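Colleague: what's the 3D shape of this:
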Amino acid sequence: MVEMIGSPDVLASENMEPGCKASLGTPARLSPRPATILGAIDTNVCRQRRYSSSRKIESNKLSQRLGGGKLVIVEGNIGVGKTTLTQKLADDLKYKVFLEPSTDNPFLEKFYADPHKYALKLQLWILRQRYLTYVSALQHIISTGQGVILDRSVYSDCVFASVCHREGFISSDGYQTYQYWRDQSLQHLPLPHVTVFLDARPQLCHDRIHTRARECESGVSLDYLEKLHQEYVKFINEMKSDGSQVLTYDWSTFKDEAIVCEDIRAANRVEWTESDLPTSDLPSLEFPLAEE
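Modeller: Residues are numbered from 1 along each chain as shown. Alright, predicted model coming up:
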């Protein structure tokens with residue numbers, strides 16, 4: 001387990017949930033991009049990729065391949081209860097669960113030593129792991145027809161990058177770089193069929209964090225949780241606008257997962273077309289993460 005102690009561990013501790021471990025994957029090789037391709041900074045990075053309002057109907061062949069399964073992501077603030085619910089939903093729905101992978105993060109120690117230098121590398125590394133996890137989930141539902149459910153996703157990674165930028169750990173130039181690579185990631189992926197959002201006041205999430213007493217979350221401040229909540233509200237509105245079926249629950253008290261299961265089963269499935277799906281030559285996306 002990778003322990004995260006002291007400031008500025010708010011970024012790292014969130015990105016290591018659950019179990020306070022880093023995500024699985026091999027560090028990508030350096031692939032520098034000219035600054036001219038990035039353009040002006042967009043402070044609302046989650047808007048970078050949008051779907052057309054006129055969606056094609058899924059072909060019969062594609063619908064047959066997917067069966068009755070859906071790709072579901074579970075989102076919400078730190079401490080709200082995502083992982084517990086995700087595992088229960090997977091059991092009840094007979095879906096395959098994809099939690100954030102666990103392995104040592106090659107940039108964590110460097111981030112602690114020099115956060116302004118390594119925050120971007122850390123964030124890009126985690127973005128890539130979330131991308132790879134989403135691809136694995138997508139490949140599973142396409143190849144087997146079994147539904148999949150993810151505890152957080154590549155789509156919501158922008159929530160944490162935005163707060164990290166607001167906190168000053170990622171520069172404006174670095175934030176442009178993040179925007180570019182996030183856009184490169186999402187252009188190859190279809191939207192999740194269903195986005196489950198667990199909503200609770202930041203103060204309550206803060207209380208839950210201290211109740212479960214994970215050492216790696218000891219530095220998560222109420223102020224940080226409030227900023228994440230603000231960004232999450234924007235993100236959820238954008239997922240609705242883009243066409244994912246958003247199911248929002250007041251998670252101030254833990255609900256019966258059976259209610260959520262029924263809502264997922266009844267939810268309209270956002271239409272995927274063959275052109276939305278990744279091909280066998282899906283790029284590995286060699287983010288600029290070379291250690292210095």
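Colleague: and the longest helix for this structure?
Modeller: Longest helix of the chain, by residue count under DSSP state H: helix 115-144.
Colleague: so how many other residues sit close to the residue nearest to Gln203 when sequence neighbours are not counted?
Modeller: Excluding the flanking residues, the one nearest Gln203 by Cβ to Cβ, 6 or more residues apart in numbering is Leu222, at 6.4 Å. No exception for glycine: its C-beta is placed from N, CA and C like everyone else's. Counted with other Cβ atoms under 10 Å, residues neighbouring Leu222 total 13.
Colleague: ok, now how distant is Leu222 from His210?
Modeller: Between Leu222 and His210 the distance is 10 Å, computed by Cβ to Cβ, to the nearest Å.
Colleague: per-residue confidence for the residue nearest to Gln203?
Modeller: What the model reports as pLDDT for Leu222 is 92.
Colleague: And for Ile236?
Modeller: For Ile236, the model assigns a pLDDT of 97.
Colleague: so it sits in a helix?
Modeller: Yes: assignment of Ile236 by DSSP: H, G, I helix; E, B strand; the rest coil places it within a helix.
Colleague: Bridged to the closest residue to it other than its chain neighbours, which residues?
Modeller: Leaving aside its sequence neighbours, Ile236 sits nearest to Phe197 (Cβ to Cβ, 6+ apart; 5.0 Å). Counting by DSSP bridges, Phe197 forms beta bridges with Glu75, Thr248.
Colleague: Phe197 contacts Asn237, correct?
Modeller: No: using Cβ atoms under 8 Å, Phe197 makes no contact with Asn237, being 10.3 Å away.
Colleague: neighbour count winner among those two?
Modeller: Of the pair Phe197 and Asn237, Phe197 is the one with more neighbours under other Cβ under 10 Å, namely 23 against 12.
Colleague: Show the pLDDT at that one.
Modeller: Looking at Phe197, its pLDDT reads 98.
Colleague: Contact partners for it?
Modeller: Shown in contact with Phe197 (Cβ atoms under 8 Å, 6 or more residues apart in numbering): 75-76, 232, 236, 246-249.
Colleague: Could you pull out the helices in the chain for me?
Modeller: Under the criterion DSSP H, the chain contains helices at 9-16, 60-66, 82-93, 108-113, 115-144, 157-166, 172-186, 202-212, 222-242, 257-266.
Colleague: Tabulate those in TSV, adding columns for distance to Leu99.
Modeller: Below are the helices of the chain laid out as TSV (distance: least, Cβ to Cβ, whole Å):
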stretch	distance to Leu99
helix 9-16	12
helix 60-66	22
helix 82-93	7
helix 108-113	19
helix 115-144	8
helix 157-166	15
helix 172-186	19
helix 202-212	16
helix 222-242	19
helix 257-266	16
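Colleague: which stretch among the ones you listed comes nearest Leu277?
Modeller: Nearest to Leu277 among the helices of the chain is helix 115-144 (6.6 Å), distances taken as Cβ to Cβ.
Colleague: Which elements pack onto the closest one?
Modeller: Helix 115-144 is packed against helix 9-16, helix 60-66, strand 71-76, strand 96-98, helix 108-113, strand 148-151, helix 157-166, helix 172-186, with contacts defined by 3 or more Cβ pairs under 8 Å, 6 or more residues apart in numbering; DSSP states H and E.
Colleague: Buried deepest among the ones you listed, which one?
Modeller: Mean neighbours per residue, mean count of other Cβ atoms under 10 Å, is largest over those for strand 71-76, with a mean of 27.
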